[in-house]
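Trainee: Fold the following, please.
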Amino acid sequence: MVDWSQIENFRPAEFECKCCGEVVLDNSFVQTLDLARTLASIPFTITSGYRCEAHNKAVGGKPTSSHTIGKASDIKVSGSRERFYILSALVDAGFSRIGIGSNFIHVDNDNNKADSVVWLYS
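Mentor: Residues are numbered from 1 along each chain as shown. Now for the predicted structure:
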């Protein structure tokens, strides 16, 4: 359960599942993401937060997606400078699982998966 009174930069609606509106989030994930947003000093637009299993399947997510357990989000990226600020802040905040797409950055803190990894989406 997230204590939203302790989160400065985000609101629950930003993480809602696109198909059912449910929000299930890990408190540690949201706190670390909030810290990263503060460090970056630029807005983070969440394009995909929590995903129920049906929505995850509909968007082609892996069955073991960290989105389905509230430990992942995708952040919109508009250009190389913004990508740099977001990536730097995510690492400085303590994230060690980051995926880079052409217009988004995936970040998660799923401790059931390998850490110290960065991958690319094609």
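
Trainee: From now on I want contacts and neighbour counts done on CA atoms only, so please keep to that.
Mentor: OK.

Trainee: Which stretches in this structure count as strands?
Mentor: Ranges of strands in the chain, per DSSP state E, are 46-48, 72-76, 97-100, 104-108, 117-120.

Trainee: I'd like those strands laid out as CSV, including mean pLDDT, mean neighbour count and distance to residue 15.
Mentor: Below are the strands of the chain laid out as CSV (pLDDT from 0 to 100; neighbours: other CA atoms under 10 Å; distance: least, CA to CA, whole Å):
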stretch, mean pLDDT, mean neighbour count, distance to residue 15
strand 46-48, 98, 18, 7
strand 72-76, 98, 24, 8
strand 97-100, 98, 20, 18
strand 104-108, 98, 24, 13
strand 117-120, 98, 12, 22
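
Trainee: any chance of those in TSV, with distance to residue 28 too?
Mentor: Below are the strands of the chain laid out as TSV (distance: least, CA to CA, whole Å):
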stretch	distance to residue 28
strand 46-48	17
strand 72-76	11
strand 97-100	14
strand 104-108	11
strand 117-120	19
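
Trainee: Against residue 91, how distant is the residue sitting nearest the centre point of the chain?
Mentor: Residue closest to the mean C-alpha point of the chain, counted by CA atoms, centre = their mean, is residue 73 at 2.0 Å. Computed as CA to CA, to the nearest Å, the residue 73 to residue 91 distance reads 15 Å.

Trainee: do residue 116 as well
Mentor: For residue 116, the distance to residue 91 - CA to CA - is 10 Å.

Trainee: who's more crowded, the two?
Mentor: Counting neighbours by other CA atoms under 10 Å for residue 116 and for residue 91 shows that residue 91 has the greater number, 15 against 10.
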